[in-house]
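J.: Quick one: sequence and predicted model below, then my questions.
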Amino acid sequence: MISAGIAPAQHPYEDIPETLRRMTPVTDFFQIHDALGSRDFAMGGRDQSMPFFHNSLITKEGDEHSAERRTLGRHFRPAFLVDYVDPHVQEALDLFVEPLAAEIRDGEPVTVDLVNLVFQMQTLIMARFLGLPLEGDVRAAVDDLAARMPLVNLAGALLWSRNEPITEIDKIRHAVVDFNDRYVTPAVRRALEKQDGEATTFIETLVDAFDPTTSDGEWIAREVRVFITAGVRTTAHAVLDSLPHLIDWYRAHPESIELALDPTNDFLIRVVSETLRIHVSSPAIIRRAVASGQTKHGLTYERGESFALYTGISHLDEAVFGPEPQAFNPDRVPLEGVPLWGHAFGHGHHACIGRALALGRPRGDSTTRRYEGAAVSMLRRLTELGVGYVPGRDLRYISDTFKRMCAEFPAYLGSGQAAVSARV
Amino acid sequence: MTDPIRLPEIDGARCLAYGQCVDTAPDVFVLGEDGVSRLRSDFDPATLHERTRAVLEAVDRCPTQSISFEPS
């Protein structure tokens, strides 16, 4: 059945997994919005990743999903983010960026690989947020954890992997066992031994919520993997995808540097949002109809039908996002009610619970405190330090999955202004 | 005599802090420290008619259907 937009033979991507080719494609922004917002659609198409994420928040539905979302939601409330997450963001900046800032003050600009720097910071933030142990020298412990993360992360992106699946899944399985042994099991043991006080880490909350009558023994480990995969990989690439746009934007609009440095201005939130609109984290969001019907915007569906919702296409709809939708423009004004990030954080009951971790929460009117988000904090500090390209040294990208990911980003810090030449 | 202004109502027990109301109508809704959506303290009910469409959109988008609103 053709429900929307394009015929099956005209998939928006040439190089797409066979699994997706068998699904009904949807490219219309509002039909995608309908599907994401409707309880007639459940998460679907994650068979490849199911052994690693089975029965975690992203796969649950109905009351069970709502109950767990309410339990975990406390970690994303404004006060919690200010009290327990912002210190981790500051620790990451202090540990990894401030030594570079000190070098700049001593003289010449310093050259740094931003991929390594951003992944180190985001790995530390998520490890602290989750409550994973980082024993001994913290920098070394972060590097050790970060080195183990690519294969663990791949468990969530198996559907998009370009590599041979049987050997791939075997490698991931070993990496996951190692990750559990080194990080999750000790953290769970520590949480079980904690006698009193409120849960301040994600694992402590999961341990408190563990119900032996409904939860299986692997549940906490799977939930931790979901959140570290989403939290590290997605946020780090949001920052890394933002930076080339941002550096180019500063060059064309030097007055915007002041906006970026002003913590009361939402410029950097718009930068990350616009980046996420253009650089979707996966080619499609997968949904499975659990009933038959038709949505408000005309998407017809039959029970059991699987849909590939191509946000990479719908995010380029000029009627929704305005002129030149392929171009990066943080001043873009979408249609009323449409967020600048489109469906980058999903929509409806499975909307990304962790959005505030990266982008912050607007200040509640009962408080003057504000958590501004890991991605925004990193981009502001890098702007303060005059991030710019290193002339003659290109950025390098890899395509192990269907998302083109930055693998090397040589950059100057301390170049005086965010600008300059060569990049691919 | 004019009809009283009917404000949007939020069922705090149902709200799961998705924040989609804040995205849709930031001048009307805010997430409190407890994560539950509420009307902004600086929201002027006299301006509600200008925001009717956005509030209805927020009602429509709320994943937990925690907001009710009937325009006057």
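T.: Great, that's in hand.
J.: Quick one: name the residues of chain B near chain A.
T.: B:16-20, B:22-24, B:26, B:30-35, B:40-42, B:53-54, B:57, B:60-61, B:63-64 (Cβ under 8 Å from any Cβ of the partner chain). No exception for glycine: its C-beta is placed from N, CA and C like everyone else's.
J.: Buried ones among these?
T.: Neighbour-count burial (16 or more other Cβ atoms under 10 Å in any protein chain shown) is assigned, among the residues of chain B next to chain A, to B:16-20, B:22-24, B:30-32, B:34-35, B:54, B:57, B:61, B:63-64.
J.: Next step: these restricted to helices.
T.: Among those, the members falling in helices (DSSP state H) are B:20, B:22-24, B:54, B:57, B:61.
J.: List of residues touching the helix or strand of chain B with the lowest mean pLDDT?
T.: Within chain B, no helix or strand scores below helix B:20-24, which has a mean of 83 by mean pLDDT, DSSP states H and E. Contacting residues not belonging to helix B:20-24 are listed as A:337, A:339, A:347, A:351, A:362, B:10, B:28-31, B:37, B:54, B:57-58, B:61-63, B:67 [Cβ atoms under 8 Å, 6 or more residues apart in numbering or on different chains].
J.: Residue of the stretch 151-300 of chain A closest to chain B, please.
T.: Chain B sits closest to residue A:296 of the stretch 151-300 of chain A, with a gap of 8.8 Å, by Cβ to the nearest Cβ.
J.: how close does the closest residue to that residue other than its chain neighbours sit to chain B?
T.: Leaving out its chain neighbours, the residue that sits closest to residue A:296 by Cβ to Cβ, 6 or more residues apart in numbering or on different chains is residue A:34, at 5.6 Å. Note on residue A:34: its distance to chain B, by Cβ to the nearest Cβ, to the nearest Å, is 10 Å.
J.: Spit out the contact partners of residue A:34.
T.: By Cβ under 8 Å, 6+ apart, the neighbours of residue A:34 are A:295-297, A:299.
J.: Would you mind checking those residues for buried ones?
T.: Buried among the contacts of residue A:34 (16+ other Cβ under 10 Å): A:295, A:299.
J.: any chance of the contacts of residue A:34 in a markdown table, plus pLDDT?
T.: Output for the contacts of residue A:34, formatted as a markdown table (pLDDT from 0 to 100):
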| residue | pLDDT |
| --- | --- |
| A:295 | 96 |
| A:296 | 93 |
| A:297 | 96 |
| A:299 | 97 |
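J.: Distance from stretch A:155-164 to the middle of the chain?
T.: 17 Å (Cα atoms, centre = their mean, to the nearest Å).
J.: First-to-last residue distance for that stretch?
T.: 14 Å (Cα to Cα, to the nearest Å).
J.: So which bits of that stretch are buried?
T.: Within stretch A:155-164, the residues scored as buried using 16+ other Cβ under 10 Å are A:155-161.
J.: Just the closest of those residues to residue A:135, please.
T.: Checking these against residue A:135 by Cβ to Cβ gives residue A:155 as the nearest, at 24.3 Å.
J.: could you say which helix or strand contains the residue nearest to that closest one when sequence neighbours are not counted?
T.: Nearest residue to residue A:155, sequence neighbours excluded (Cβ to Cβ, 6+ apart): residue A:52, at 3.9 Å. In the assignment (DSSP states H and E), residue A:52 maps to helix A:50-53.
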